[in-house]
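Student: Give the three-dimensional model of this entry:
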Amino acid sequence: MFPNDDEQQRRIRNLRNIALVIIVVIFSVILLQAFFGSSDSAEKQIRYSEFLALLQAGQVVTVTLEGTSFVTVLGRVRPASALAENPQIAELDARRSQEQQRKEKIEALLKYQSRRLAWIETLRSELPPQVLSAAPVIQRQLSGLALRHAEVERSLEALVQARKEKADEISALMQRILGKAERFRTEAALDDVRQELRQYKVDYDYKKPEDSSWIFSALLSLLPFFIILLLWYGMMRRMQGEGSSALNFGRSQAKLVTKEYSRVTFDDVAGIDEVKEEVQEIVDYLKDPQKFTRIGAQIPKGVLLVGPPGTGKTLLARAIAGEADVPFFSISGSDFVEMFVGVGAARVRDLFRRAKEEGKGKRGVIIFIDEIDAVGRKRGAGIGGGHDEREQTLNQLLSEMDGFDKNEHVIILAATNRPDILDPALLRPGRFDRKITVPPPDSKGREAILKVHTRNKKLGPDVDLKVLARRTPGFVGADLENLCNEAALLAARRNKEFIDMKDFEDAIDRVIAGIERKGRLLSEEEKVKIAYHEAGHALLGKLLPKADPVHRISIVPRGEALGYTLQLPLNDKYLFTKEELLDRMTGILGGRAAEEIVFGEISTGAYDDLKKATEIAKRMVVSYGMSERIGPINLGQENGNVFLGVDLVLNREHSEKMSALVDEEIKSIIESCYKRAKDLLQRNLQALHKLAKKLLEVEVLEGEQLDVLLKDSLVPPSPTLA
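Tutor: This next block holds a predicted model:
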């Protein structure tokens, strides 16, 4: 009776797996032998004379003797990192410590006698003769102490040099005999070894040989091979059970997302209507391609979503997956590259193969690559040169994007917040035809996002999303989602039925400044300084004509801050004048100025203020051309798009003279703003005291309360300070 095809295939698979396991075991044995045979950290065979040299150097820590009259000496030496524990080195360290103590005592006597002599010389006219007669004696004692001090100094230098030479000598000996190994083996007569070990006071163990020891050693040496065999057998069974082949690293990690799986739609995307319209066009094309093709239009082969983290790039991709009735593959850029060469390119090929297979008979297929900068970084830079695994993966991706036929309707959708580091070949038309910037939302966009994230939350009647949108400038979609969740958590913690405006206000404080640190105990002096510091910020916020309105002042510690003053613009701003930047810097420096005026000293509380002011001044001079001495010149070098959150650095291609002039201008602008802040606070010193006193009483002041408190109390700035 012949076996059927399934039986025969099963036997072939089993034979193949057994053969693979045998090959892997043999290969592992060879690797283990090569590794342990050449490892510097393994036991090293040395001569008996070298063993004696290590004993004399004090480096032998433990010794085991195995045998009868002629024994095998197994020992361990002190590692190079523990050289200070060597007896000879330790003795030199002890002597140096004694000499150091002598030196300190002599120096103390020198100071004491010098003060006595100086006292006598100062009051010579008022002291009796018997006291004045002690001056020559003290002078002689000082001379003797100086000689002793010099002698101790020389002794210390000699001990330091001796220790260094001894350490170098021991290190050289260890390197010559053992290299990097810490264990050794040698053979010698039992009586001779015992005598040497007793002489150098090294503990040792003596083991008599047993007849069955070789059997145990043989089994112990074979144990790793049995473990490897079992592990590989288990892995083969597991991989066979999953229907995979051995060493299946080349399969793509992309997930096929169906419309039923993704519950996100375009209704969940808010605040970026223009971007939503652009990607909506792709979905419309896939649903009704004839609408576009009958007039000769072609859908972009690739769409790159660019924007800061949290603006909704990945959310847009999820919405496309939920709206488009076509196969949607999602993968991260980091899923392509592995430690094995060729795996990334194989995964790219497999991804496009799967996409083409899924797209057969359908209107198209979408591949979404999140964080594409992980695989699409510019080539030819870095340690890997031009042939590392990442660049092979990128080359394969470029080939696949340019290689598929037009009628396959494979659309690549990718997201990144670092477009500046992407390879130019990846960005050219034909691969990514459309680059869409996903910016942070404006006030209306934030209001729309807040509506989305509060749909399933119970809001109190006092909650005004428009006000919340104005109070969260710079927040992106992820920040607003976190804000709504924090407000809900606060309301639940306070056992409320609804989320009210107070919960949202406290949540904004938590997101901006951090968690309230109720357990941080501040002294009364520190509280007063913090109150005046924040009062300085707030007062200048009221006095400066171009400053943003003050929304809240707090001296309650939050996160790393001991207090904060929150200033929010009335509307979103995208352009700033020189006067606005100068007013902002002046307000930032108001805290330090208030401390100096009131207390006559400055503290570390202005660390972050100085950092912000310096950054603004630097941009004014280097990037914005707002320096009269330097003129309208841009000296900055962009490491990417500053609107995406990438910092600007100074281009060092200009002269040292220009660099020095830039530093002078930055310093001049900061000093001018600081002087202006001090002058304004001096003119309004009574208002400063009044505001600081109120802060110490209530700890938190809202903007409306500040207006009432300072009504008719402010002295407007003179025309020279305005």
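
Student: chain center to stretch 603-619: distance?
Tutor: 22 Å (CA atoms, centre = their mean, to the nearest Å).

Student: could I have it exported to CSV, CA atoms only?
Tutor: The C-alpha coordinates for stretch 603-619 follow below in CSV (Å, rounded to 0.1, in the frame of the first residue of the first chain):
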residue,chain,number,x,y,z
SER,A,603,18.4,83.1,42.6
THR,A,604,18.3,80.0,40.3
GLY,A,605,14.6,80.4,39.8
ALA,A,606,15.2,82.3,36.6
TYR,A,607,17.1,79.5,34.9
ASP,A,608,14.4,78.7,32.4
ASP,A,609,13.5,82.3,31.8
LEU,A,610,17.1,83.1,30.8
LYS,A,611,17.1,80.1,28.5
LYS,A,612,14.0,81.3,26.7
ALA,A,613,15.1,84.9,26.5
THR,A,614,18.5,83.9,25.1
GLU,A,615,16.8,81.7,22.5
ILE,A,616,14.6,84.6,21.3
ALA,A,617,17.5,87.0,21.2
LYS,A,618,19.6,84.5,19.3
ARG,A,619,16.8,84.0,16.7
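
Student: Mind giving me the packing neighbours of the helix or strand harbouring residue 195?
Tutor: Applying DSSP states H and E as the criterion places residue 195 in helix 190-199. Packed against helix 190-199 by the contact rule (3 or more CB pairs under 8 Å, 6 or more residues apart in numbering; DSSP states H and E) you find helix 48-56, strand 60-67, strand 70-77. (Glycine included, C-beta is placed from N, CA and C.)

Student: Helix or strand next in line after that helix, which one?
Tutor: Taking DSSP H and E, what comes next after helix 190-199 is strand 204-207.

Student: which other helices and strands contact that following strand?
Tutor: strand 60-67.

Student: what's the neighbour count on the closest residue to residue 45 other than its chain neighbours?
Tutor: Distances taken as CB to CB, 6 or more residues apart in numbering put residue 185 closest to residue 45, at 5.3 Å, once the chain neighbours are dropped. Residue 185 has 15 neighbouring residues, counting by other CB atoms under 10 Å.

Student: can you offset everything so residue one is 256?
Tutor: Let's use 256 as the start, then, which means that last one is residue 440.

Student: if we can go back for a sec, between the helices and strands packed on helix 445-454, which one is closest to residue 415.
Tutor: helix 303-311 (22.9 Å; CB to CB).

Student: Identify each buried residue in the closest one, please.
Tutor: 305, 306, 307, 308, 309, 310 (16 or more other CB atoms under 10 Å).

Student: Work out the gap between it and the centre of the chain.
Tutor: 49 Å.

Student: Contacts for that helix, please.
Tutor: 315, 328, 330, 332, 428-429, 432, 439, 441-443, 451-452, 455, 457 (CB atoms under 8 Å, 6 or more residues apart in numbering).

Student: Stretch 540-555 too?
Tutor: By CB under 8 Å, 6+ apart, stretch 540-555 touches 536-537, 539, 579-581, 618-619, 621, 661, 664, 666, 687-689.

Student: Bridged to residue 329, which residues?
Tutor: residue 319, residue 440 (DSSP bridges).

Student: Let me see the contact set for the residue nearest to residue 300.
Tutor: Residue 440 sits in contact with 298, 299, 300, 301, 327, 328, 329, 330, where contact means CB under 8 Å, 6+ apart.

Student: 6 Å instead, please
Tutor: 298, 300, 329 (CB atoms under 6 Å, 6 or more residues apart in numbering).

Student: ok, those residues vs residue 744, which is closest?
Tutor: Using CB to CB, these come closest to residue 744 at residue 298, 59.5 Å.

Student: What residues does that closest one make contact with?
Tutor: 438, 440.

Student: Next: residue 452.
Tutor: Contacts of residue 452 (CB under 6 Å, 6+ apart): residue 459.

Student: Which pLDDT value goes with it?
Tutor: pLDDT for residue 452: 82.

Student: can you check residue 926 too?
Tutor: pLDDT, residue 926: 94.

Student: Over to the one 5 residues further on?
Tutor: Residue 931 carries a pLDDT value of 94.

Student: any idea how far residue 848 is from it?
Tutor: Residue 931 sits at a distance of 9 Å from residue 848 (criterion: CB to CB, to the nearest Å).

Student: Between the two, point out the one with more neighbours.
Tutor: Using other CB under 10 Å as the criterion, residue 931 and residue 848 rank with residue 848 on top: 29 against 23.

Student: That one and residue 932 touch, don't they?
Tutor: Yes: if you go by CB atoms under 6 Å, residue 848 and residue 932 touch, sitting 4.1 Å apart.

Student: what comes into contact with stretch 410-417?
Tutor: 347, 350, 351, 354.

Student: from the chain's centre, how far out does the helix ranked longest in the chain sit?
Tutor: Longest among the helix segments of the chain by residue count, using DSSP state H, is helix 389-432. Its chain's average C-alpha position is 46 Å from that of helix 389-432, according to CA atoms, centre = their mean.

Student: Would you agree residue 707 is in contact with residue 525?
Tutor: Yes: if you go by CB under 6 Å, residue 707 and residue 525 touch, sitting 4.7 Å apart.

Student: next helix or strand past the worst-scoring helix or strand of the chain on mean pLDDT?
Tutor: Lowest by mean pLDDT, DSSP states H and E among the helices and strands of the chain is strand 903-905, with a mean of 46. Sequence order places helix 911-938 as the next helix or strand after strand 903-905, per DSSP H and E.

Student: following that next one, which helix or strand shows up next?
Tutor: helix 940-953.

Student: ok so, going back, please report the distance of the residue nearest to residue 300 from residue 720.
Tutor: 78 Å.

Student: before we move on, what about residue 970?
Tutor: From residue 970 to residue 720 the distance is 39 Å (CB to CB).

Student: Show me what counts as buried in stretch 852-871.
Tutor: 852, 853, 860, 861, 864, 868, 869, 871.

Student: quick check: mean pLDDT across that stretch?
Tutor: pLDDT averaged over stretch 852-871 gives 91.

Student: now that stretch: how far from the chain's centre is it?
Tutor: 26 Å.

Student: which residues sit against it?
Tutor: With CB under 6 Å, 6+ apart, stretch 852-871 has contacts from 787, 788, 836, 840, 843, 844, 846, 847, 850, 851, 925, 936.

Student: Go through these and flag which are in strands.
Tutor: In strands, judged by DSSP state E, none of the contacts of stretch 852-871 are found.

Student: Looking at these, which is nearest residue 653?
Tutor: Taking the contacts of stretch 852-871 together and measuring to residue 653 by CB to CB, the closest member is residue 836, at 43.3 Å.

Student: Let's see the pLDDT reported for that closest one.
Tutor: 94.

Student: Quick one: residues contacting residue 709.
Tutor: residue 739.

Student: Please tell me how far it sits from residue 702.
Tutor: 11 Å.

Student: just to revisit the earlier point, for ChimeraX, write a command that selects the buried ones of the contacts of stretch 540-555.
Tutor: Listed next is the ChimeraX selection for buried residues among those, using 16+ other CB under 10 Å:
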select :536,537,579,581,619,621,664,666,687,689
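
Student: biggest separation within the contacts of stretch 540-555, which pair?
Tutor: 580 and 687 (24.0 Å).

Student: Was I right to think residue 693 contacts residue 530?
Tutor: Yes: using CB under 6 Å, residue 693 is in contact with residue 530, at 5.3 Å.

Student: Look at these two and report which has more neighbours.
Tutor: residue 693 (27 against 20).

Student: If we ignore the residues flanking it in sequence, what's nearest that one?
Tutor: residue 562 (3.3 Å).
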